[in-house]
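A.B. asks: Quick one, fold the following:
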Amino acid sequence: MPLFGLDVSIKGYDIKQLFNHEQLFLSNISLLEIKFLLAREFRKKNNITILNRYETVLPTLVNHQNITVIDSLTEPIINSYSNILFANGHSDMFDCLIVATAMFLDTYLLSEDEKIHQIDNVKVINWSKFNMDQ
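C.D. replies: Residues are numbered from 1 along each chain as shown. Here you go, the predicted structure:
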């Protein structure tokens with residue numbers, strides 16, 4: 001989110017570490033969530049450059065050799081996992097789909113959200129741990 005100019009307080013955040021990683025997966029749901037957050041900020045400030053950040057940054061992500069964008073909405077297993085997460089009390093469907101994508105890929109999920117860290121059977125790390133593993 002900081003890459004898109006969205007202000008979040010993340011201890012240990014270093015964008016260079018993200019791009020130096022060998023292989024990363026990015027759910028299209030994360031991109032949709034960023035689009036919604038930019039729209040919310042735009043409504044508050046009425047500044048078109050806020051919305052333009054998405055189209056400015058997007059090519060950097062989708063064209064990067066180490067980043068693979070995953071279509072989380074069309075994979076049946078991801079949707080099944082997300083439904084289970086939602087039915088078990090995680091009320092944010094965006095998060096459910098993002099977590100389910102990591103489960104499906106059997107990979108680590110990079111998140112600062114403590115609620116996500118509490119979900120069983122999900123490998124979650126925060127930025128501090130991510131940076132130490134480099």
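
A.B. asks: Name the surrounding residues that touch stretch 69-84.
C.D. replies: Applying C-beta atoms under 8 Å, 6 or more residues apart in numbering, the contact partners of stretch 69-84 are 25-29, 31, 61-62, 93, 96-101, 103-105. C-beta here means a position set from N, CA and C on the backbone, and glycine is covered the same way.

A.B. asks: ok, which stretches of this structure are helices?
C.D. replies: 15-20, 28-45, 48-62, 76-87, 93-105, 114-117, 127-132 (DSSP state H).

A.B. asks: Which one of these lies nearest to Gly5?
C.D. replies: Counting by C-beta to C-beta, Gly5 lies closest to helix 48-62 out of the helices of the chain; the figure is 5.0 Å.

A.B. asks: Now do the contacts for the residue nearest the centre of the chain.
C.D. replies: The centre of the chain sits closest to Ser30, judged by C-alpha atoms, centre = their mean, with a distance of 4.1 Å. Residues in contact with Ser30 (C-beta under 8 Å, 6+ apart) are Ile98.
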